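K.L.:
predicted structure and sequence below. I'll ask about it afterward.
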Amino acid sequence: MNKELIFLRTFAATAAISSSLLFFSSFKPSGNQKFETIDVQRINVVEADGTIKLIVTNAGLFPNGEDKINGRPTNTDRKKRAGMLFYNEDGIECGGFIYDGEKKENGHSAGLSLTFDQYDGDQVMQLLTTDSQRGDERYVSSSLVFNDRPAKESQQKTAEIMNELAELRKTDPEAFKSKYADYQAQELIGGAPRIMLGKSRSQNNGLFLFDEQGMPRAMFYLDKDNNPKLEAYDSEGNITSSWPETN
């Protein structure tokens, strides 16, 4: 009997110690963890309530299609690229940073884009670089662009409208134009670039100003031959004045 009591007491003590160790080891350490190198495909930075505020991801896990972030659907037409996506306090995407670059059969294609969005809308500021080469021809454009966006747009509503218009465009181009203009008049879709600072595809470096329809109205730039030019345009794109004056 004494041997059995000793065994049972030893067993109970061992079980209690093991349970305590298991219980306390289940809690994550609260201090900062330090690592020399981390290999990871995607990181979600979240608030205490689980709201995603930042995604750092490779191209393969870039959210699009059937993915949902903070309970909201993602852009199905967006190409998967490595980069970051930003989300505001309401869990709505509000900008991001993406980049890519690869060899092509007859050249290469590369680019990067850092954007910040209007609340529940699309890009109002973009830092953009594109670099493409086909054979001996290479085009590099780098710019900082500011855009106007429709006052009543929302990301989910815009996606619904664009899907509707895409189907209508296939079956009835005239109805598509009319419906597009109607949505634009309601300030649900549209938008236009207003200011661009940088190098255009035509290799002009300067400041480019656009009207609310996205038409160029004024330019001050150095052309590809380093000649300074100042030009103003009417709403139809015709030059109304220029400097230096041409003979």
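P.N.:
Yes, it's here.
K.L.:
the strands in this protein, which residues?
P.N.:
42-46, 52-57, 68-69, 72-73, 82-87, 93-104, 107-117, 123-134, 137-148, 192-199, 205-210, 216-222, 228-233, 239-243 (DSSP state E).
K.L.:
of these, flag the one that's most buried.
P.N.:
Highest mean neighbour count among the strands of the chain (mean count of other Cβ atoms under 10 Å): strand 82-87, with a mean of 19. The way it works is simple: take the backbone N, C-alpha and C, and place the C-beta from them, glycine included.
K.L.:
which one of the strands of the chain lies closest to T171?
P.N.:
For the strands of the chain, proximity to T171 was assessed by Cβ to Cβ; strand 72-73 is nearest, at 24.8 Å.
K.L.:
which residues are in contact with the nearest residue to Q133 once chain neighbours are set aside?
P.N.:
Distances taken as Cβ to Cβ, 6 or more residues apart in numbering place G107 nearest to Q133, at 3.6 Å, with adjacent residues excluded. By Cβ atoms under 8 Å, 6 or more residues apart in numbering, G107 lies in contact with S132, Q133, R134, G135, R138.
K.L.:
then F86?
P.N.:
Each residue near F86 by Cβ under 8 Å, 6+ apart is listed here: K53, L54, E93, C94, G95, G96, F116.
K.L.:
what's opposite it in the beta bridge?
P.N.:
Listed beta-bridge partners, F86: L54, G95 (assigned using DSSP bridges).
K.L.:
which one, of the strands of the chain, ends up nearest to N163?
P.N.:
The closest of the strands of the chain to N163 is strand 72-73. By Cβ to Cβ, the value is 11.4 Å.
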